[in-house]
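Chemist: Give me coordinates for this.
(chains A, B, C and D)
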Protein chains: 2
Amino acid sequence: MDNNTITIQDVADALGISKTTVSRAISGKGRIGEATRKKVLDYIEEHNYRPSPLAKGLAQSRIYNIGWVIPGDSGSRALPFFQRCMSGVLDVAAAADYDLLISMTYEGNISHLKRVVDNRKLDGLILARTMTDDECIRYLSGTGLPFVVIGSTDEKGVIQVDNDHVKACAELTSILLMKGVGKLALIGCGDGMVVTKSREEGFRKAFELQNKKVDEDLVFITGSEILDIEVAVEDALIKGAECMVCMDDFICTTALAKFKRDGVKVPEDVMIASFYNSPLLENNQPAITTLRYDPRGLGIMACQNLFKCIDGECVPEKSMLGYEVLLKESTQIL
Amino acid sequence: MDNNTITIQDVADALGISKTTVSRAISGKGRIGEATRKKVLDYIEEHNYRPSPLAKGLAQSRIYNIGWVIPGDSGSRALPFFQRCMSGVLDVAAAADYDLLISMTYEGNISHLKRVVDNRKLDGLILARTMTDDECIRYLSGTGLPFVVIGSTDEKGVIQVDNDHVKACAELTSILLMKGVGKLALIGCGDGMVVTKSREEGFRKAFELQNKKVDEDLVFITGSEILDIEVAVEDALIKGAECMVCMDDFICTTALAKFKRDGVKVPEDVMIASFYNSPLLENNQPAITTLRYDPRGLGIMACQNLFKCIDGECVPEKSMLGYEVLLKESTQIL
DNA sequence: TTGAAAGCGCTAACAC
DNA sequence: GTGTTAGCGCTTTCAA
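Modeler: Residues are numbered from 1 along each chain as shown, chains lettered A, B, ... in the order given. The predicted structure is shown next:
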């Protein structure tokens, strides 16, 4: 198209006014005559003028980028979650004329993140998940750069956006206990993620509330390979578990696949429930009892809060988003 | 840490030299005394000075961002591919002190992409996949912005980085034909992706080369739901297919799951092969015959080529990366 | 080999 | 309500 980009000065000259006025018309800051403003806006629209983000940024000491930090070594299973969060972040950011700059971290190597922060390419950033003893959080706390995490952390003063996993998992577990399902097996992966801890905590809390004791023989915190999970499922079955409580959708589908193979019927032979939803679970036959969250909502809230931080506004240290308990056939008592 | 950021002028003053000299020391452009250069570099290192990307960009008319454009509505199955490509892009970009700005497009809605391009936040961009009749490609061709696509397109003058899917699929298919496997069923999804077309083309080419005719009754281009695939697999079996040739890993795992459920044995009852690899396939029992590509390599090459474009260098319109044919038990004749 | 000065395109006091 | 002016922090001629 038009290659020679037009500047604010060109607009001003063409309209016989000063560039300050043009700037005011665009930004909406300061007083300006209605007629002038319209004239400018029309001209800009017609000639498709766009202010240089570089010049604007330099003048305002803002770069209009926020960082989106994801783990490069997360398993494929976590990708849909990040994707959906990101879509929320992206929409909020775009509405504020901000863009998303991506950064990948690896276990024990956050050099990509450091580079982008050191280079001052960001006005703030969002951490897509939290780990227990999180290297990124520790690093970022020392930088003074505004940031928000999706997930929870014990670190003080960190703005967090999360679902109330403890409460949600406690609620689902309580329902199972109240139904009279006695032997609940908990199956999760021993990744270092905070959410894993929270889910276990919720599970245990439900027992406490009903003055029951968790059967520690039925708590399996395993490796994250399919085989690890299958071994745990097998073991739980042998130990007489009446219901498999799976920490996430992947564990649940793995267990379901194994059941199918082994001819174990749900819920007749054993019940099953999951602490995290996914399309795969939704379409399962029989339908699976599970918790539903809204990852996109997390992204939206995280980004909104980040903008408040950047603008120096106050934001609650911890924002909790809702959840739904979906009770389905997989835990029906026949 | 140190909040009050230090500028090039501060460095110059501290060293009793001009900022021009400091600039030269950093950029390596222009003549400069070895002693001076070292002095500057040492000072910068010690005081952790980083040039403002904004100011640098404004002066050079470069923004040091490249766009990474992915479809927001792609199924979860495609995510690992994008993720691995991106990791390659990211590394090459970082090495050139570039960052990755993300942009999501949706079928029939590329407003996010347009915004970021219009706003001149990019020096160039990479399209993570190509569709037949691709809206993004059409739009970008009109902008003059350098861009590279991962995948292939018929559009002229577009820099492409891809695997030779036609050749790879033809090779795998040929091997099956030469083994004497007569009735090959092809199962793929009718998404609009170019790669799907290429795979089918490769399949057909293998038949041509051996003067055989494709059995059109055994070519299934279905919807992308699990059920669609299962119906096709069932149908193929009824029609006497001896080998299921699956367009990708998801189709293949879906077929395998169905076989397991139905008690169909691989390769005894039916053989199976896939045109795309994945960890799931690699660990399958029995091992699956498939093609192996290197997504990360695609990202690396795409980014390297993009930089050449940006710098005005010549790059081949089409770069092809290699592949491997992995022959495993799933197609063994017993 | 080094420095002075003029931009890059915008914003924000401060005047009028 | 509008214009003047001085930066924002770099790079890049052009002289010295």
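Chemist: Residue A:284 looks like it's in a helix, true?
Modeler: No. With DSSP: H, G, I helix; E, B strand; the rest coil as the criterion, residue A:284 is assigned coil and is not in a helix.
Chemist: tell me which element residue A:35 is part of?
Modeler: Using DSSP states H and E, residue A:35 sits within helix A:34-47.
Chemist: how about the nearest residue to residue A:166, chain neighbours excluded?
Modeler: residue A:202 (4.3 Å; CB to CB, 6 or more residues apart in numbering or on different chains). Any C-beta I mention is one placed from the backbone N, CA and C, and that applies to glycine too.
Chemist: circling back: off-centre distance for the helix holding residue A:35?
Modeler: 41 Å (CA atoms, centre = their mean, to the nearest Å).
Chemist: So which elements touch that helix?
Modeler: With contacts taken as 3 or more CB pairs under 8 Å, 6 or more residues apart in numbering or on different chains; DSSP states H and E, helix A:34-47 sits against helix A:8-15, helix A:19-27.
Chemist: quick one: the shortest one near chain B?
Modeler: No. In terms of CB under 8 Å from any CB of the partner chain, no part of helix A:8-15 sits within range of chain B; the closest distance is 13.4 Å.
Chemist: Not counting that helix itself, show me its contacts.
Modeler: Helix A:8-15 has contacts (CB atoms under 8 Å, 6 or more residues apart in numbering or on different chains) with A:18-19, A:21-23, A:39-40, A:43-44, A:47, A:49, A:51.
Chemist: orientation of it relative to helix A:19-27 in degrees?
Modeler: Helix A:8-15 and helix A:19-27 are oriented at 100 degrees to each other (axes from the mean of the first three to the mean of the last three CA atoms, to 10 degrees).
Chemist: Looking at helix A:8-15 now, give me its mean pLDDT.
Modeler: On average, the pLDDT along helix A:8-15 is 95.
Chemist: go on, stretch A:55-75?
Modeler: 96.
Chemist: and that stretch, how far out from the chain's middle?
Modeler: 17 Å.
Chemist: what's the distance between the residue lying closest to residue A:167 once chain neighbours are set aside and residue A:187?
Modeler: Nearest residue to residue A:167, sequence neighbours excluded (CB to CB, 6+ apart): residue A:202, at 6.6 Å. Distance from residue A:202 to residue A:187, counting by CB to CB, to the nearest Å: 15 Å.
Chemist: Which residue of these two possesses the greater neighbour count?
Modeler: residue A:187 (27 against 22; other CB atoms under 10 Å in any protein chain shown).
Chemist: For that one, give the beta-bridge partners.
Modeler: Applying DSSP bridges to residue A:187 gives these bridge partners: residue A:220, residue A:246.
Chemist: residue contacts, it?
Modeler: Per CB under 8 Å, 6+ apart, neighbours of residue A:187: A:220, A:222, A:229, A:232-233, A:236, A:244-247, A:251, A:255.
Chemist: Could you dump the residues you listed into TSV and include pLDDT?
Modeler: Formatted as TSV, these follow (pLDDT from 0 to 100):
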residue	pLDDT
A:220	98
A:222	96
A:229	96
A:232	98
A:233	98
A:236	98
A:244	98
A:245	98
A:246	98
A:247	98
A:251	97
A:255	96
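Chemist: Most neighbours among those, which one is it?
Modeler: Neighbour max across the contacts of residue A:187 (other CB under 10 Å) = residue A:245, 30 neighbours.
Chemist: which helices and strands does the helix or strand harbouring residue A:148 pack with?
Modeler: Per DSSP H and E, residue A:148 falls inside strand A:147-150. The contact analysis (3+ CB pairs under 8 Å, 6+ apart) places strand A:147-150 against strand A:124-127, strand A:159-163, helix A:295-310.
Chemist: Stretch A:43-60 near DNA strand D anywhere?
Modeler: Yes. Stretch A:43-60 comes into contact with DNA strand D (CB under 7 Å from any atom of the strand), by way of A:55, A:58-59.
Chemist: Residues contacting that stretch, please?
Modeler: Counting by CB under 8 Å, 6+ apart, A:2, A:5-8, A:10-11, A:14-15, A:25-26, A:62-64, B:52, B:54-55, B:57-58, B:63, B:118-121 sit against stretch A:43-60.
Chemist: Buried among those residues? Make that a ChimeraX selection.
Modeler: Restricted to buried positions by 16 or more other CB atoms under 10 Å in any protein chain shown, the ChimeraX selection for these reads:
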select /A:8,10,11,15,25,26,63,64 /B:52,54,57,58,63,119,120,121
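Chemist: possible to save the helices and strands packed on helix A:34-47 as TSV with distance to DNA strand D?
Modeler: Compiled in TSV, the helices and strands packed on helix A:34-47 are given as follows (distance: least, CB to the nearest atom of the strand, whole Å):
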stretch	distance to DNA strand D
helix A:8-15	7
helix A:19-27	4
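Chemist: possible to save the contacts of residue A:187 as a markdown table with distance to residue B:87?
Modeler: A markdown table is the format used below for those (distance: CB to CB, whole Å):
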| residue | distance to residue B:87 |
| --- | --- |
| A:220 | 32 |
| A:222 | 27 |
| A:229 | 26 |
| A:232 | 31 |
| A:233 | 32 |
| A:236 | 36 |
| A:244 | 34 |
| A:245 | 34 |
| A:246 | 29 |
| A:247 | 27 |
| A:251 | 26 |
| A:255 | 31 |
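Chemist: which among the residues you listed gets closest to DNA strand C?
Modeler: Minimum separation from DNA strand C among the contacts of residue A:187 (CB to the nearest atom of the strand) is found for residue A:247, which lies at 48.3 Å.
Chemist: so that closest one makes contact with residue A:276?
Modeler: Yes. Applying CB atoms under 8 Å as the test, residue A:247 and residue A:276 come out as touching, 7.2 Å apart.
Chemist: just for chain A, where's the confidence low?
Modeler: A:1-3 (pLDDT under 70).
Chemist: ok, and the most crowded of the contacts of helix A:8-15?
Modeler: Busiest of the contacts of helix A:8-15 [other CB under 10 Å] is residue A:22, holding 29 neighbours.
Chemist: show me where the stretch 201-334 of chain A has helices.
Modeler: A:226-238, A:249-262, A:279-282, A:295-310 (DSSP state H, counting those that start in this stretch).
Chemist: List the buried residues of the shortest one.
Modeler: Burial within helix A:279-282, assessed by neighbour count using 16+ other CB under 10 Å, is assigned to residue A:281.
Chemist: ok, back up a step: now the helices and strands packed on helix A:34-47 as TSV including distance to residue B:166?
Modeler: Output for these, formatted as TSV (distance: least, CB to CB, whole Å):
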stretch	distance to residue B:166
helix A:8-15	49
helix A:19-27	50
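Chemist: which parts of chain A sit against DNA strand D?
Modeler: A:16-21, A:24, A:30-33, A:35-37, A:55, A:58-59, A:61.
Chemist: Now list the buried members of these.
Modeler: So, by 16+ other CB under 10 Å, the buried ones in those are A:21, A:24, A:32, A:37, A:58.
Chemist: contacting residues around whatever residue of the stretch 151-300 of chain A ends up closest to DNA strand D?
Modeler: Here the stretch 151-300 of chain A gets closest to DNA strand D at one residue, residue A:159, 26.5 Å apart by CB to the nearest atom of the strand. Shown in contact with residue A:159 (CB under 8 Å, 6+ apart): A:147-149, A:305-306, A:309, A:315-318.
Chemist: and if you look at residue A:90?
Modeler: Counting by CB under 8 Å, 6+ apart, residue A:90 touches A:100, A:299, B:102, B:104, B:112.
Chemist: Work out for me the element it sits within.
Modeler: Here residue A:90 is assigned to helix A:79-95, by DSSP H and E.
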